[in-house]
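> For reference, the sequence and a predicted model appear below.
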Amino acid sequence: MYKKDLFKDKIALVTGGRSGIGYGIAKQILELGGKVFIISRKEEKLKKAKDELSEFGECHCHPCDIRKTEDIAAVADRIKDVYGRLDILVNNAGGQFPAPAELISENGWAAVINNNLNGTFYMSQHMYKTFFKQQKGGVIVNIIANMHRGFPGMAHTGAARAAVDNLTKTLAQEWAESNVRINALAPGTIESSGLEQYPPQIQQQFEEGKKANLMGRFGTVEDISNAVMFFASPLSSYISGTTLYVDGLEHLSANRMDLYNTLKSMM
């Protein structure tokens, strides 16, 4: 679909790149000629992913908790030492857990907001100030979620991802003066390793949702990575501040109460 040298001489950083969607994004950038840094908190699994991805191109890794600005600064220093520049940032790292809003603890709420919202902002701000502003150019792609009609059963991540949606619009305007483009992707239910973390009752609910999907399937990691390649490349050079839903129409047609009702039935 894309030219094999689409990202020749480009340096990309993919957060949460050791598995799932992040891994798929890193792999495709490498296949299209780019060089990639992946980061994640778990160093041993991160190194394993780096070794696997190195079969497709030049890949580096660095352990990082995106909630900690000192970790982010260390990653930027490493990229500067190795390449001296950064062209693409994919903010994919995040985490959440299903729960009715009334049962989300103060710590649980803060953890998801800190990871999904604060971590995305800290990473974007630091890479902008370290690389993009001086280079007068760069691309940021934020991976959020389908929260178009709310996110019952995951109020914390719905709120955080909606904030990143707005942050995308704000930063795109402020940083346009530095020739930085920023867009977001909102995946629907994607068949990746991330689904394995949920209990059987919720996985069954996912299967029922798949049958109800107007396209008759859930998304694949490649569906998301293909869209990221578009936003990260010059093919979208006149697009910034937008959010693209990659969800097989879930944001328009799916029953948003299914997850919440399943959770209530488990209580």
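Done, it's in.

> Next secondary structure element downstream of the helix or strand of the chain with the lowest mean pLDDT?
Per-element confidence for the chain was summarised using mean pLDDT, DSSP states H and E. The lowest value among helices and strands belongs to helix 200-212, with a mean of 85. Towards the C-terminus, the helix or strand next in line after helix 200-212, according to DSSP states H and E, is helix 221-232.

> so what does that following helix touch, helix or strand wise?
Counting by 3 or more C-beta pairs under 8 Å, 6 or more residues apart in numbering; DSSP states H and E, the packing neighbours recorded for helix 221-232 are helix 20-31, strand 88-91, strand 138-143, strand 180-187, strand 243-246. Any C-beta I mention is one placed from the backbone N, CA and C, and that applies to glycine too.

> ranking the ones you listed by burial, who's on top?
strand 88-91 (a mean of 27; mean count of other C-beta atoms under 10 Å).

> Do you know the pLDDT at residue 266?
We note a pLDDT of 89 for residue 266 in this prediction.

> Does it touch residue 200 like I think?
No - taking contacts as C-beta atoms under 8 Å, residue 266 lies outside contact range of residue 200: 10.1 Å.

> The two: who's more crowded?
Looking at residue 266 and residue 200 with other C-beta atoms under 10 Å, you find the greater number of neighbours at residue 266, namely 11 against 7.

> Would you mind measuring from that one to residue 147?
To residue 147, residue 266 is 22 Å away according to C-beta to C-beta, to the nearest Å.

> next one: residue 109
When C-beta to C-beta is applied, the distance between residue 109 and residue 147 equals 16 Å.

> Over to residue 73?
In this structure, residue 73 and residue 147 are separated by 30 Å, where distance is defined by C-beta to C-beta.

> The two - which one has more neighbours?
Under the neighbour definition other C-beta under 10 Å, residue 73 and residue 147 were set side by side, and residue 147 has more, 21 against 14.

> Nearest residue to the more buried one in space, please, no chain neighbours.
Sequence neighbours aside, residue 158 is the residue nearest to residue 147 in space, at 4.2 Å (criterion: C-beta to C-beta, 6 or more residues apart in numbering).

> And for residue 208?
Across the structure, with C-beta to C-beta, 6+ apart as the measure, the residue nearest residue 208 apart from its sequence neighbours is residue 258 (7.4 Å).
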